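> give me coordinates for this.
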Amino acid sequence: MSKEQERREECRREVRRYLAERPSLAFRAETIRRNLAVEFDFSAEEVRDALAFFVSAKQVEIEQDGCGATDYFKITASGTLAHERGR
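As a prediction, this is how the structure comes out:
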């Protein structure tokens with residue numbers, strides 16, 4: 001497996017973990033990146049790519065701000081289950 005693929009997978013795991021630990025909240029992509037930056041150096045693009053992957057897999061859903069077009073991301077039940085099972 002390539003280093004790039006390993007990094008993508010690590011980013012996905014950490015993004016999903018971050019959301020799974022806060023299941024009742026929704027976050028902007030930049031907020032997730034900034035909070036993960038305490039331990040990881042993922043770029044904004046890497047975090048957005050991870051979120052897009054999970055949205056397509058129905059493990060994360062998008063909630064839009066009622067007064068604008070800002071996307072907020074929240075884990076779904078299947079995302080929580082996948083996190084708990086380590087998949």
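> in which helix or strand does the residue nearest the centre of the chain reside?
Note on the chain: the residue nearest the mean C-alpha position is Val15, at 3.6 Å, using CA atoms, centre = their mean. Here Val15 sits within helix 3-20, counting by DSSP states H and E.
> quick one: the helices in the protein?
Under the criterion DSSP state H, the chain carries helices at the ranges 3-20, 29-36, 44-56, 77-85.
> ok, back up a step: contacts for the helix holding Val15, please.
Helix 3-20 is contacted from outside by 27, 32, 35-36, 39-40, 42, 46-47, 49-51, 53-54, 59-60, 73-75, 79-80, 82-84, using CB atoms under 8 Å, 6 or more residues apart in numbering. (C-beta placed from N, C-alpha, C; glycine too.)
> now, of those, which are buried?
Buried by 16 or more other CB atoms under 10 Å: 27, 32, 36, 42, 46-47, 49-51, 53-54, 59-60, 73-75, 79-80, 82-83, out of the contacts of helix 3-20.
> how about Phe53: what's its closest non-neighbour residue?
Once flanking residues are discounted, Phe53 sits nearest to Arg12: 6.2 Å by CB to CB, 6 or more residues apart in numbering.
> ok, now which ones touch Arg22?
Contact partners of Arg22, counting by CB under 8 Å, 6+ apart, are Ile75.
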